[in-house]
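Enquirer: give me the fold of what follows.
(one chain, ligands or ions: 1)
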Amino acid sequence: MVSGTKRKYYMLGGKGGVGKTSCAASLAVKFANSGHPTLVVSTDPAHSLSDSFAQDLTGGLLIPVEGPESPLYALEINPEKAREEFRNTTKSDGGSGLKDFMDGMGLGMLAEQLGELKLGELLDTPPPGLDEAIAISKVMQFLESPEYSMFTRIVFDTAPTGHTLRLLSLPDFLDASIGKILKLRQKIVSATSAIKSVFGQEETQQNASDKLERLRERMVKVRELFRNTDSTEFVIVTIPTVMAISESSRLCASLKKENVPVKRLIVNQILPPSPSDCKFCAMKRKDQMRALDMICGDPELSSLTLIQAPLVYVDYWFRIYKRTLDTVLEQHQPPPTTICGWRSQKSYIMA
Ligand SMILES: Nc1ncnc2c1ncn2[C@@H]1O[C@H](COP(=O)(O)OP(=O)(O)OP(=O)(O)O)[C@@H](O)[C@H]1O
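Expert: Take a look at the predicted model:
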């Protein structure tokens, strides 16, 4: 994963709570420590990158992560906010929302009648997946600019499975719907000039068309990114339980069906070896072995490279220690920014 200097994208996805963010953060640190200027992006509405790095990464800006040897930047994008921005752009066109946006195209009525297109509804209440797709396309947009060309590894911490699957089918759906709408509009507008005047001002229609076209183009780019076998890899993260493995198998099948390159499976939170187990740990270990056996016999998962990540206790001690440290600093010392020792103590915890 670290070899080569060509830019690569890694999408980490899987069931909620299995450790996508923890693995994305770890992988990003690994890349940076191997000499890759790296960007780790979270598009998961339940952001926990900030917790993983013990740094405030909120605000939608690239923030340098302290610690690794090569530059590592993190970005938490709020997908809902990304959609809101999109909605506001359409509002600033003189309309009062996305419904007007469609009305501005002279297609409000028509779009409603053409129920199967569901575009008006789609724009007013976007389906799960659109937020994330807009967030990803936003990242892709600024990564195209020269000032961000240095990044050779981009790690995406994506939303849980259901959202990812909907995101994958979304560009095709939008492509088809918007394509149909635009074609329809073209036909209607070119039919007669009388109809043109009925359908409102030409300029507004053009702006609305351009917006739809741009949204379509951005979604096509997201689709291409997910399917590009040269630059992209989707890494499935799971835990060793029967339920999680079954869901991962279904996710893998869907990804393959959508032609998304998937080669690796991270099985996270595996109990580390122990000379003696309590009754609970012995049972848990047995369950985990059963789940791991399931992977070997699974038609979807058995061909993937398996990465086993141990259950670690650092997180627990880290939190306790950090909380204690923060309290001590708050109570007995000047604010952290003025304490020269604070950063090195934090680096120690990070290590
Ligand atoms: N290998 C591990 N050992 C110990 N704790 C872990 C490990 N991996 C993850 N955790 C803990 O499990 C919890 C969930 O992890 P994380 O937030 O990375 O999952 P996620 O899949 O990104 O969750 P979500 O779907 O809610 O975004 C966190 O408290 C994290 O510290």
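Enquirer: CA atoms for contacts and neighbours, from now on please.
Expert: Noted.
Enquirer: sheet-wise, list the partners of the longest strand belonging to the chain with their directions.
Expert: As assigned by DSSP state E, the longest strand anywhere in the chain is strand 262-270. Here strand 262-270 has these sheet partners by DSSP bridges: strand 232-238 (parallel), strand 305-310 (parallel).
Enquirer: what does the last one contact?
Expert: Taking contacts as CA atoms under 8 Å, 6 or more residues apart in numbering, the residues outside strand 305-310 that touch it are 263, 264, 265, 266, 267, 268, 269, 270, 271, 272.
Enquirer: which residues of the protein lie near the ligand?
Expert: Contact residues (CA under 6 Å from any ligand atom) of the chain with the ligand: 16-22, 46, 48, 160, 268-269, 309-313, 315.
Enquirer: in the protein, which spans are strands?
Expert: Taking DSSP E as the test, the strands found in the chain are 8-13, 38-42, 63-64, 72-76, 153-157, 232-238, 262-270, 305-310.
Enquirer: list the contacts for whatever residue of the stretch 51-200 of the chain ends up closest to the ligand?
Expert: Closest residue of the stretch 51-200 of the chain to the ligand, CA to the nearest ligand atom: residue 160 (5.3 Å). By CA under 8 Å, 6+ apart, the contact set of residue 160 is 13, 14, 15, 16, 44.
Enquirer: not counting sequence-adjacent ones, nearest residue to the last one?
Expert: Yep, that's residue 44 we're talking about. Sequence neighbours aside, residue 159 is the residue nearest to residue 44 in space, at 4.4 Å (criterion: CA to CA, 6 or more residues apart in numbering).
Enquirer: count of residues packed around the one you found?
Expert: Residue 159 is flanked by 26 other residues according to other CA atoms under 10 Å.
Enquirer: so it makes contact with residue 17?
Expert: No. Using CA atoms under 8 Å, residue 159 is not in contact with residue 17, being 10.2 Å away.
Enquirer: wait, residue 223 touches residue 168, no?
Expert: Yes. Judged on CA under 8 Å, residue 223 makes contact with residue 168 at a distance of 6.9 Å.
Enquirer: can I get the CA coordinates of stretch 61-73 in PDB?
Expert: What follows is stretch 61-73, C-alpha atoms only, in PDB (Å, rounded to 0.1, in the frame of the first residue of the first chain):
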ATOM      1  CA  LEU A  61     -10.500  23.000   6.700                       C
ATOM      2  CA  LEU A  62      -7.300  21.000   6.200                       C
ATOM      3  CA  ILE A  63      -5.500  20.800   9.500                       C
ATOM      4  CA  PRO A  64      -2.000  19.500  10.000                       C
ATOM      5  CA  VAL A  65      -1.800  16.500  12.300                       C
ATOM      6  CA  GLU A  66       1.000  16.700  14.800                       C
ATOM      7  CA  GLY A  67       3.400  13.700  15.100                       C
ATOM      8  CA  PRO A  68       4.100  11.900  11.800                       C
ATOM      9  CA  GLU A  69       7.400  12.500   9.800                       C
ATOM     10  CA  SER A  70       5.800  13.500   6.500                       C
ATOM     11  CA  PRO A  71       3.000  16.000   6.200                       C
ATOM     12  CA  LEU A  72      -0.300  14.500   7.300                       C
ATOM     13  CA  TYR A  73      -3.400  16.700   7.000                       C
END
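Enquirer: residues contacting that stretch, please?
Expert: 28-29, 32-40, 53, 55, 57, 74-76, 347, 350.
Enquirer: tell me where the protein has helices.
Expert: Using DSSP state H, the helices of the chain run over 20-33, 49-53, 79-91, 98-104, 108-113, 119-124, 130-143, 161-191, 193-198, 202-227, 242-257, 279-297, 314-332, 340-350.
Enquirer: in stretch 222-240, what counts as buried?
Expert: For stretch 222-240, burial by neighbour count (16 or more other CA atoms under 10 Å) applies to 222-223, 225-227, 232-240.
Enquirer: now render those residues as a markdown table, adding pLDDT.
Expert: Shown next, in a markdown table, are the buried residues of stretch 222-240 (pLDDT from 0 to 100):
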| residue | pLDDT |
| --- | --- |
| 222 | 82 |
| 223 | 81 |
| 225 | 85 |
| 226 | 83 |
| 227 | 87 |
| 232 | 92 |
| 233 | 95 |
| 234 | 94 |
| 235 | 96 |
| 236 | 96 |
| 237 | 97 |
| 238 | 97 |
| 239 | 97 |
| 240 | 97 |
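Enquirer: rewinding a little: the helices of the chain: lowest mean pLDDT?
Expert: Sorting the helices of the chain by mean pLDDT places helix 340-350 lowest, at a mean of 44.
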